[in-house]
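Enquirer: Compute the structure for the input listed below.
(chains A and B)
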Amino acid sequence: MSKSIVSESQKQEYAKIATHFRPRPRLWRNIFWAFIVGGLICLIGQFILHFFLDKGMDVNTAGAATSAVLIFVATFLTGIGVYDEVSRFAGAGGIVPITGFANSMVAPAMEYRAEGLIFGVGHRLFTVAGPVLVWGIVTAWAIGILYYFFR
Amino acid sequence: MEFLWAFIIGGALCVIGQLMMDLTGYKFTGAHVLVTFVCAGAVISALGLYQPLVNLAGAGATVPLSGFGHLLAQGAINGVNQKGLLGAFSGGVSSAAVGITAAVVFGYLAALIFKPRG
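Expert: All right, here's what the predicted structure looks like:
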């Protein structure tokens, strides 16, 4: 029963042909759009940062406020479906900025909403954010501990 | 001038992320890129090399996720300075609290309000 109807050599032949026709990732185009879109998101962040600095906030508070605004905008744009359209050609340009972090939370949470508010939304919000927070918090903690003993 | 640097440095950091994915044939996913950026940002920050980038490029260095790592690491270091060993436990997350809470709250609300398309 388990005997396959296609032979091993046929599989290899197919793989060879499939590889030939698979669209090659267009490296330079990807780099170009990652740079432009990523740069623009940071430039927008810079404008927001200066808006808060002009309001008289100190650098840390203004930076936190900027993050909050960018995150809010990113969750909204993800909700109406715009962010993922941009990410499709911007690649890492839409992933690396904090807006991409927000997008990585909302997109799966929306997708699995039908599974309920706890296991759907509550769980899926952390599909990507979970690993990011775990690694980030552990790294920062380790840095703090090392700093405590070797400062 | 800081605005130009924000664009260039922010764009360059995203290109590094793009190369991580493209040069590994996308075995390295967006999630891998984000985790790498946070950890690398924290370590570079602890070595004292991230703050100069922030001074140069402002949001170009703080908006990419490596800036989130920088925030966590500096928070942990400041925490140790203020509270000793316990500060290593409280400093990182408390300095990143606004970002984390904003992402959870806005993310949750967006997932409730909007319907996925298609």
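Enquirer: quick one, helices of chain B?
Expert: For chain B, applying DSSP state H gives helices covering B:2-22, B:30-46, B:50-57, B:59-62, B:65-83, B:85-95, B:97-113.
Enquirer: Pull the distance from the shortest one to the chain's centre.
Expert: In this case it means helix B:59-62. What separates the centre of helix B:59-62 from the centre of its chain is 9 Å, taken as C-alpha atoms, centre = their mean, to the nearest Å.
Enquirer: Same question for the fifth one.
Expert: Using C-alpha atoms, centre = their mean, the distance from the centre of helix B:65-83 to the centre of the chain it belongs to is 11 Å.
Enquirer: quick one on the thing from earlier: just the helices of chain B: most buried one?
Expert: Each of the helices of chain B was scored by mean neighbour count; the highest is helix B:59-62, a mean of 30, by mean count of other C-beta atoms under 10 Å in any protein chain shown. Quick note: C-beta positions are derived from backbone N, CA and C, even for glycine.
Enquirer: The helix or strand hosting A:G144 and chain B, any residue contact?
Expert: Assigned by DSSP states H and E, A:G144 falls within helix A:126-150. Yes. Counting by C-beta under 8 Å from any C-beta of the partner chain, chain B is contacted by helix A:126-150 at A:127-129, A:131-133, A:135-137, A:139-141, A:143-148.
Enquirer: quick one: average confidence on stretch A:88-105?
Expert: Regarding stretch A:88-105, the rounded mean pLDDT is 96.
Enquirer: residue contacts, A:Y83?
Expert: By C-beta atoms under 8 Å, 6 or more residues apart in numbering or on different chains, A:Y83 lies in contact with A:74, A:77, A:94, A:99, A:103, A:107.
Enquirer: B:V93 - nearest residue in space that isn't next to it in sequence?
Expert: A:I137 (6.2 Å; C-beta to C-beta, 6 or more residues apart in numbering or on different chains).
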